[in-house]
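Chemist: Structural data only, the sequence is not supplied:
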């Protein structure tokens, strides 16, 4: 880590990420550019370069923060719960609170940018692993993949229509998948 990176204000970086996530959610990845981001935050481009070396540094840091905050931290928290049903209920609650429209924009972006696609696969793999581990305990290894794919497909599909439907619909769907898994067991 360079001396410049050490001096960077993490709170300021977080505000850049928050602004970027808002642009992604409302206008899509194509609108995520420096000038609109600066305008949204009411700052100059010079302020941007206090926090990031260049645009790629910014997008890499944005995606790393998304991977960490929206997947890795959640996975670490739910893995501390022993009971697989409770683990999946916690995960469903956390999933309902994701930034779904932002995630949908990142999925579209991943379709045209391999760097983004790599991070997207890490997010999907992390989510898959934690759900599959719990489902294996509930329904066994043979059925776990089916229920895991069903749950993740429901989340990804919901992300694409989240602007028109409330989070309660996603939570209801995930709870019913878990209920079917428990009935299968």
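Modeler: Nice, thanks for sending it over. Quantities reported herein were computed from a predicted structural model and do not represent experimental measurements.

Chemist: residues in contact with stretch 35-53?
Modeler: 4, 8-9, 12-13, 15-16, 19-20, 22-23, 27, 34, 58, 61 (CB atoms under 8 Å, 6 or more residues apart in numbering). Backbone N, C-alpha and C define where each C-beta goes, glycine included.

Chemist: what are the ranges of the helices in the protein?
Modeler: Ranges of helices in the chain, per DSSP state H, are 3-7, 10-27, 34-41, 45-51, 55-67, 73-79, 84-96, 100-110, 114-139, 141-161, 167-184.

Chemist: most packed of the ones you listed?
Modeler: Counting by mean count of other CB atoms under 10 Å, helix 100-110 has the highest mean neighbour count of the helices of the chain, with a mean of 21.

Chemist: and the angle for that helix with helix 141-161?
Modeler: Using axes from the mean of the first three to the mean of the last three CA atoms, to 10 degrees, the direction of helix 100-110 lies 100 degrees away from that of helix 141-161.

Chemist: Could you pull up the mean pLDDT of stretch 164-179?
Modeler: Mean per-residue pLDDT for stretch 164-179: 95.

Chemist: Over to stretch 134-154?
Modeler: 97.

Chemist: Can you give me the first-to-last residue distance of stretch 70-87?
Modeler: 16 Å (CA to CA, to the nearest Å).

Chemist: any idea of the mean pLDDT in that stretch?
Modeler: For stretch 70-87, the per-residue pLDDT averages 92.

Chemist: thinking again about what came up before, quick one: which two of the contacts of stretch 35-53 are the most distant?
Modeler: 4 and 27 (30.6 Å; CB to CB).

Chemist: So what would you say the end-to-end distance of stretch 101-118 is?
Modeler: 19 Å.

Chemist: Once you drop chain neighbours, what's closest to the most centrally placed residue in the chain?
Modeler: In the chain, the centroid-proximal residue (CA atoms, centre = their mean) is residue 70; its distance is 4.3 Å. Nearest residue to residue 70, sequence neighbours excluded (CB to CB, 6 or more residues apart in numbering): residue 98, at 6.1 Å.

Chemist: What values do phi and psi take at that neighbour?
Modeler: Residue 98 adopts backbone torsions of phi -60, psi 160, taken as degrees, to the nearest 10.

Chemist: list the contacts for the closest residue to residue 160 other than its chain neighbours?
Modeler: Nearest residue to residue 160 in three dimensions, chain neighbours excluded: residue 104, at 5.3 Å (CB to CB, 6+ apart). By CB under 8 Å, 6+ apart, residue 104 lies in contact with 159, 160, 162.

Chemist: Fine, thanks again, bye for now.
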